[in-house]
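1. what follows is a predicted protein model with its sequence.
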Amino acid sequence: MIFADSPHGKQIAVISGIVIVVGLLFWYNTQYQPYYYGEGVMGQSAGEPSMMRDAMVEDSYDISTKSATNEKYAMMPTIAPSPDSGSVAVDVPATERLVIKNGSMSILVDNVAVAVGQIKQFAIEKGGFVVTSEIDTYDNDPTGSVEIRIPSTVFDTNLGTVRVLGEVQSERTDGQDVTEEYVDLQARLDNLKASETQFLSIMKQAVKIEDILAVQRELTNVRGQIESMEGRMKYLKESAAFSSLTVYLSTNPEQLPVLDNGNTWKPLATVKDALRGLQDLGKKIVDVFIWVAVYIPLWIVLILVIWMVRRWYRKTQQ
């Protein structure tokens, strides 16, 4: 061994190897994320931005508690707290309700590529568009997935067009009524716009520099809230106007995810998912060993350089 002449040479070599392998694993993990089949489609991700933006709205716009005694803040308006989402009375006709519809299917087909192309064409013909599309031919059993958005008015009546592409193994559809959230956002938006008008009026009356800067800060904050709410409302309207459909395709039923509403226990489906996960883990372990093998020449060069540096250092000490 190269480090045989050093009492700690073997330990250094082992530690270096471990560090290199761990670094490779970390890099590989960040570059090649595993492909998971999620149950939720577009509607599931809507919750997080809503919570974040709602948290922003709950902040008070009062300058500070000192404004009652501080003369320079006496002119600043106090914005009334917006109503809680639970207290807003929503009286909207059924035809005007905003419902985000999502669907997902696992279909066994004879030709994955052809089926993906047909689904894309179906989306375009119905006035929709393709969000994502993927075909994996890594194994002998090709798999694919495609996510499309089509007008909600034709969503329910046209699912049969997709079903006839093959044998449906599992299917899930759901809807999320966001009418109440939309009405609540509209009420808060009206409140913020009224506050913006007040701040603009105060800005015209302000004389002192510190007053102008204070109003400007509050005005910037209010406008940021307005933009966030308008963006959220636009997202809700567009999501309700176009329903999302995700289709998983394969020539092997074992490669397809099991889609259900999560209320039933299916042990065979759990075993199937576990075996698929074990298979994916085995592939990644083999991939790591391949990377290590490919970089063996580099490891040898690094070890030689370390050995030469250590040898030179010992000679200089003698």
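-> Noted; the coordinates are in hand.
2. could you list the low-confidence segments of the chain?
-> For the chain, applying pLDDT under 70 flags the ranges 1-95, 138-139, 260-266, 268-269.
3. quick check: longest helix of it.
-> Ranked by residue count and defined by DSSP state H, the top helix of the chain is helix 209-241.
4. helix or strand next in line after that one, which one?
-> Using DSSP states H and E, the helix or strand that follows helix 209-241 towards the C-terminus is strand 242-250.
5. each with direction, which strands does that next one pair with?
-> strand 99-108 (parallel), strand 143-151 (antiparallel) (DSSP bridges).
6. and for stretch 128-147, what's in contact with it?
-> 35, 37, 41, 112-113, 115-116, 119-120, 123-124, 148-151, 242, 244-252, 254-256 (C-beta atoms under 8 Å, 6 or more residues apart in numbering). No exception for glycine: its C-beta is placed from N, CA and C like everyone else's.
7. just the buried ones from those?
-> 37, 41, 112, 115-116, 119-120, 123, 148-150, 242, 244-251, 255-256 (16 or more other C-beta atoms under 10 Å).
8. where do the strands of the stretch 151-300 of the chain begin and end?
-> 167-177, 242-250 (DSSP state E, counting those that start in this stretch).
9. who wins for proximity to Gln318 among those strands?
-> strand 242-250 (67.5 Å; C-beta to C-beta).
10. check what contacts the closest one and list those residues.
-> 37, 41-43, 100-109, 112, 115-116, 119, 128, 131, 141-152, 155, 159, 162, 166, 256-257.
11. got a PyMOL select line for the buried ones in those?
-> Those of those that count as buried under 16+ other C-beta under 10 Å are selected in PyMOL with:
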select buried, resi 37+41+42+43+100+101+102+103+104+105+106+107+108+109+112+115+116+119+128+131+142+143+144+145+146+147+148+149+150+152+155+159+162+166+256+257
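12. ok, and the closest non-adjacent residue to Glu167?
-> Leu108 (4.3 Å; C-beta to C-beta, 6 or more residues apart in numbering).
13. just grab the bridge partners of the one you found for me.
-> Glu167, Ser250.
14. distance check, it against Ile296.
-> 42 Å (C-beta to C-beta, to the nearest Å).
15. now do Val109
-> Applying C-beta to C-beta to Val109 and Ile296 gives a distance of 42 Å.
16. check Gln118 too.
-> For Gln118 relative to Ile296 (C-beta to C-beta), the value is 46 Å.
17. if we can go back for a sec, what's the residue nearest to Glu167 in contact with, if anything?
-> Neighbours of Leu108 in contact, by C-beta under 8 Å, 6+ apart: Gly166, Glu167, Val168, Gln169, Ser250, Thr251, Asn252, Pro253, Leu256.
18. which residues touch Ile212?
-> Counted by C-beta under 8 Å, 6+ apart, Ile212 has contacts Met203, Ala206.
19. quick check on Phe155: phi, psi?
-> Main-chain dihedrals, Phe155, degrees, to the nearest 10: phi -70, psi -60.
20. just checking, it touches Val99?
-> No - the pair Phe155 / Val99 is not scored as a contact, 10.2 Å apart, by C-beta atoms under 8 Å.
21. what angle sits between the longest helix of the chain and strand 99-108?
-> Computed by axes from the mean of the first three to the mean of the last three C-alpha atoms, to 10 degrees, the angle separating helix 209-241 from strand 99-108 equals 50 degrees.
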